[in-house]
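Undergrad: got a sequence here, can you model it:
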Amino acid sequence: MEQIYTIPVNEAFEASAADHALGCPFCAIYNKLEENELDLILGASMMEPDIRIRTNEEGFCRTHYDMMFVRKNRLGMALTLESHLDQLRKEISGNPAKSSKRIDKLECSCYVCNRIAFHFEHMVGTAVLLWNTDEEFPAKLKSQPYFCLPHYKKLLQYGQGRLPRKKIAAFMDDVEGVELSYFDELREDVSWFCKKFDYRYDDEPWYNSKDAVERAFKFLRSDLHKGDKPKKN
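TA: Numbering: from 1, shown residues only. Alright, predicted model coming up:
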């Protein structure tokens, strides 16, 4: 288990345990990885020949094109696009079947997504291994506000695949305890939010339901790509 992964996993879990408003720790990890990769690709990595080969081949998804665009490095983007377009022009002419396959591949590929995925998978695996080897980590896990459903699924999968069989049930109990507690709370908050639009509940307080819809989005589909806002110069 590499120190490069244990530190950010511990930091994210400690932060979310201390402030439940931060939400799923894996969403925070993903967003941090994304910020780092965007900084690199528009900075020091941009002109490295081996990186340029990969960006020419993999391209970027629309989300990451947009996130790079608002970072105010249009020249850097243009240089990357110039090289990418030059290569694509050669690859999508003269053979319709070959061109179609190349475009299919490009539509499913993104340099930044691929880089994030590589590190993120290690982060999830590290969290499972920390639960198994670090006596302090199970308490951190049980102190989380929740795991969004996509990352909850990954955590369950890694637990089943990485832990000794005799420890899987205990791990599942810890993870499920966090998840179902928040799940039930969220369902109640969404239901109360709905009731507040009934005149019979006008005089009742909102309790914790005012942001229930937004929280449900984050729980069901993750809370990613939080850095796609223009930065101040």
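Undergrad: can you map out the helices along the protein?
TA: Using DSSP state H, the helices found in the chain span residues 3-18, 25-41, 49-58, 62-69, 74-91, 96-107, 111-133, 137-142, 149-162, 165-195, 212-221.
Undergrad: and of those, who's closest to residue 206?
TA: helix 165-195 (7.5 Å; C-beta to C-beta). For glycine as for every other residue, the C-beta is placed from the backbone atoms N, C-alpha and C.
Undergrad: by contact count, what packs against the closest one?
TA: Helices and strands touching helix 165-195, by 3 or more C-beta pairs under 8 Å, 6 or more residues apart in numbering; DSSP states H and E, are helix 111-133, helix 137-142, helix 149-162, helix 212-221.
Undergrad: center of this structure, which residue is that?
TA: residue 30 (3.6 Å; C-alpha atoms, centre = their mean).
Undergrad: can I get the helices of the chain in CSV including distance to residue 204?
TA: Below are those laid out as CSV (distance: least, C-beta to C-beta, whole Å):
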stretch, distance to residue 204
helix 3-18, 31
helix 25-41, 32
helix 49-58, 53
helix 62-69, 40
helix 74-91, 51
helix 96-107, 49
helix 111-133, 40
helix 137-142, 32
helix 149-162, 30
helix 165-195, 8
helix 212-221, 15
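Undergrad: using CSV, please lay out those together with mean pLDDT.
TA: CSV is the format used below for these (pLDDT from 0 to 100):
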stretch, mean pLDDT
helix 3-18, 96
helix 25-41, 96
helix 49-58, 95
helix 62-69, 95
helix 74-91, 93
helix 96-107, 96
helix 111-133, 97
helix 137-142, 98
helix 149-162, 97
helix 165-195, 98
helix 212-221, 98
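Undergrad: among those helices, which is nearest residue 227?
TA: Nearest of these (C-beta to C-beta): helix 25-41, 5.0 Å.
Undergrad: rewinding a little: between the helices of the chain, which one is nearest to residue 205?
TA: Among the helices of the chain, the nearest to residue 205 by C-beta to C-beta is helix 165-195 (9.4 Å).
Undergrad: list the buried residues of that closest one.
TA: 171, 174-175, 178-179, 182, 186, 189, 192-193 (16 or more other C-beta atoms under 10 Å).
Undergrad: tell me the angle that helix makes with helix 111-133.
TA: Counting by axes from the mean of the first three to the mean of the last three C-alpha atoms, to 10 degrees, helix 165-195 lies at 120 degrees to helix 111-133.
Undergrad: the residue nearest to the centre of the chain touches residue 226, doesn't it?
TA: No - the criterion here is C-beta atoms under 8 Å, and residue 30 misses it with residue 226 at 9.4 Å.
Undergrad: for the closest residue to residue 147 other than its chain neighbours, phi and psi?
TA: Distances taken as C-beta to C-beta, 6 or more residues apart in numbering place residue 24 nearest to residue 147, at 5.2 Å, with adjacent residues excluded. For residue 24, the backbone dihedrals are phi -60, psi 120 (criterion: degrees, to the nearest 10).
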